[in-house]
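> fold the following.
(one chain, ligands or ions: 2)
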Amino acid sequence: MRVLVVAANQEHKPDPVVPLGAACVAAAARDAGHTVALYDACFAGERFESQLQHELRCFRPEVVGLSMRNVDDVAWPAAKSYLPHYRNCVAAIRRAAPGAKLVLGGSAFTLLPGQYLDELAADHGVTGAGEVAFVDLLQQVQAGSGPRLVQGRWGHGASGPALDLLDLGAYYRHGGALNVQTRRGCPFSCAYCTYPLLEGTRPQLLDIDSAIHQLERARRDCGAMHFFVVDNTFNHPASHAVAFCEALLARGIDLRWTAYLSPAKLQPALLHLMARAGCTSVEFGTDAGHAATLAGLDKSFGVHEIRQVSTAARAAGLKFAHSLILGGPGETTETLAATVKLMDELTPDAVFAMLGVRLYPGTPLAQRLAAQGLVGPGGIGLQPSFFISEAVSDGLVEFATAVAADRPRWYLPGLHGEKYARFWKRKRTHGARGPLWELMSEQTSTLEAR
Ligand code: B12
Ligand code: SF4
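Ligands and ions are numbered 1, 2, ... in the order given. This is a model prediction of the structure:
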């Protein structure tokens, strides 16, 4: 069959990101013998509808797979929903390819499948990992059937993402890094987190040789030296992280990379090994800096571990950022103050602070709130809804604004909006690579030293 995969995402904040998921399902469909093309809307700007329609009319797909990454930008109080954009995508697809079956998939779709299917009047949808399920569905569609909603199967394609269908050079120039995945799944169950729903709770280890091959190829084809490892928690299981680093060292590839780490059970030796293997910075999924809020979010580590891993990252020569969620269950003015105090003490190179907890169906927090009658059926939907602890809800914006005012390394997507967008774009145009917060931290260090 003729299959067009459409990577719908056009978000460029904090950077444009390679649509790995779309490329994975495209590769799986191609490996199964289908004729596959990929349309990527990322750099098309307002021309995307006319470009997409042109692509549809030329390629004449029998199936269009729409890859939907983000529901919204999770940035309370000014959260932006991508639903209008998805509506435009579907309208363009229906206009230019009225006979094609429309299949929805991707992380956004997986979080709210029933609502997207109805809202976008799609023919089919696949939740979770798409490689195996999409190929099965294509077979059924070819035979004239196929269920409307298919549960993805935890598995992955044999040949990795079809990166040859993407303009990786553009992502490297405009986004400053490419990306790679070494594993899926998360064994933890933090109260708000969607990752176990998206990727499963059992770690699935991807083939390290294939990941290294992707990196080498990108290095050769477009000179990319900077990568983001998209694994939700790179350090679990630690043995896989070690194997990845050792493989990089054994191949002697000169790369710079960044990864997400959990402070839980993180050994300093791993941080040192990562640094030797080219890692320059890490982002800790810390969330809070007080025992009560950490407990409210069901985190599997305490303040002690946050201190330990920060010291260890610095000793290993890695830049580090802490990601926070302010206003979670158990948050009070005292716990907020303690979190800020801890960050001031640890002096991370960056702090990313989201305000409020975006609620998604199926997460432990949403279930807890539903059991207490605080969220009704259908209460969590395509329009962003957030939990904010009652004890701080009134003054949270003012508090965060005041904190960030004299802390240049704090980034608050919900409050800063477009504040850094033009500056960062200019930096990229002038060749800045890697995470921009690494660069900013160097600049603020220079200013602080004066
Ligand atoms: C790494 C990551 C980042 C990194 C990306 C770095 C990089 N260079 O790639 C950074 C930090 C930059 C980032 C930023 C953001 N992110 Co982010 N990110 C992730 C993360 C952890 C992994 C994404 C990834 O690459 N996965 C690997 C690929 C292979 O998986 P996949 O895309 O899901 O694809 C599979 C399936 O979805 C499916 N599939 C995909 N497409 C299709 C199509 C069809 C037809 C079918 C059938 C199936 C299918 O099959 C694929 C293969 O199995 C996810 C969480 C997660 N675990 O998924 C969040 C996630 C995607 N991010 C999210 C968000 C919100 C954002 C931001 C908007 C946050 C912000 N305000 O800054 C920005 C947006 C950036 C942008 N330009 O779009 C949300 C999106 C959902 C939502 N809540 O709206 C997620 C799901 C996390 C969450 N909170 O739930 N992110
Ligand atoms: S926040 Fe991190 S550690 Fe916790 S469940 Fe999500 S991915 Fe796993």
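
> residues contacting whatever residue of the stretch 51-200 of the chain ends up closest to ligand 1?
Nearest to ligand 1 in the stretch 51-200 of the chain, going by Cβ to the nearest ligand atom, is G105, at a distance of 2.1 Å. Bear in mind the C-beta positions are built from the backbone N, C-alpha and C, glycine included. By Cβ atoms under 8 Å, 6 or more residues apart in numbering, G105 lies in contact with G21, V25, G65, L66, S67, M68, G125, V126, T127, G130, F134, G152.

> now the two most distant members of the residues you listed.
The span of the contacts of G105, defined through Cβ to Cβ, is set by L66 and G152 at 15.0 Å.

> ok so, going back, how about the residue of the stretch 51-200 of the chain closest to ligand 1: which residues does it bridge to?
Beta-bridge partners for G105, by DSSP bridges, are S67.

> same deal with V6?
Residues in beta-bridge contact with V6 (DSSP bridges): Y39, L66.

> if I pick the closest residue to C193 other than its chain neighbours, what's in contact with it?
Excluding the flanking residues, the one nearest C193 by Cβ to Cβ, 6 or more residues apart in numbering is T363, at 6.5 Å. For T363, the contact set (Cβ under 8 Å, 6+ apart) comprises A191, Y192, C193, T194, L197.

> quick one: secondary structure of the second one?
Think Y192. Following DSSP: H, G, I helix; E, B strand; the rest coil, Y192 is assigned to coil.

> so it is in contact with G356, correct?
No: using Cβ atoms under 8 Å, Y192 is not in contact with G356; the gap is 10.0 Å.

> more neighbours, those two?
A direct count of neighbours by other Cβ atoms under 10 Å for Y192 and G356 places G356 higher, at 27 against 21.

> can you tell me how far that one sits from ligand 1?
13 Å (Cβ to the nearest ligand atom, to the nearest Å).

> how is the chain divided into domains?
2-151, 177-449 (automatic domain parsing).

> highest average neighbour count across the ones you listed?
domain 2-151 (a mean of 20; mean count of other Cβ atoms under 10 Å).

> quick one: end-to-end distance for that domain.
Domain 2-151 has an end-to-end distance of 23 Å (criterion: Cα to Cα, to the nearest Å).

> and stretch 387-402, is it in reach of ligand 1?
No: counting by Cβ under 6 Å from any ligand atom, ligand 1 has no neighbours in stretch 387-402; the shortest distance is 13.8 Å.

> pretty sure V340 is in a strand, no?
No: looking at V340 with three-state DSSP, it is helix, so not inside a strand.

> what residues are up against it?
Neighbours of V340 in contact, by Cβ under 8 Å, 6+ apart: G289, V403.

> so how far is ligand 2 from it?
21 Å.

> excluding its backbone neighbours, what's nearest W424?
Nearest residue to W424, sequence neighbours excluded (Cβ to Cβ, 6+ apart): L436, at 5.1 Å.

> please apply the same query to A27.
A162 (3.8 Å).

> isn't the one you found up against A37?
No: contact status for A162 versus A37: not in contact, 10.1 Å apart, counting by Cβ under 8 Å.

> spit out the contact partners of the residue of the stretch 301-450 of the chain found nearest ligand 1.
Nearest residue of the stretch 301-450 of the chain to ligand 1 (Cβ to the nearest ligand atom) works out as P413 at 4.5 Å. Counting by Cβ under 8 Å, 6+ apart, P413 touches K13, D73, V74, A75, F352, M354.

> what's the answer for N232, then?
Neighbouring residues of N232 by Cβ under 8 Å, 6+ apart: R184, G185, C186, Y195, E199, Y260.

> my guess is the fourth one meets C186, correct?
Yes: with contacts counted by Cβ under 8 Å, Y195 reaches C186, the gap being 4.7 Å.

> pLDDT weak spots in the protein?
Counting by pLDDT under 70, the chain has low-confidence residues at 154-158, 377, 443-450.

> contacts only, for the most centrally placed residue in it.
Centroid check for the chain by Cα atoms, centre = their mean gives V230 as the closest residue, at 7.0 Å. Taking Cβ under 8 Å, 6+ apart, we find V230 in contact with L20, N179, V180, Q181.
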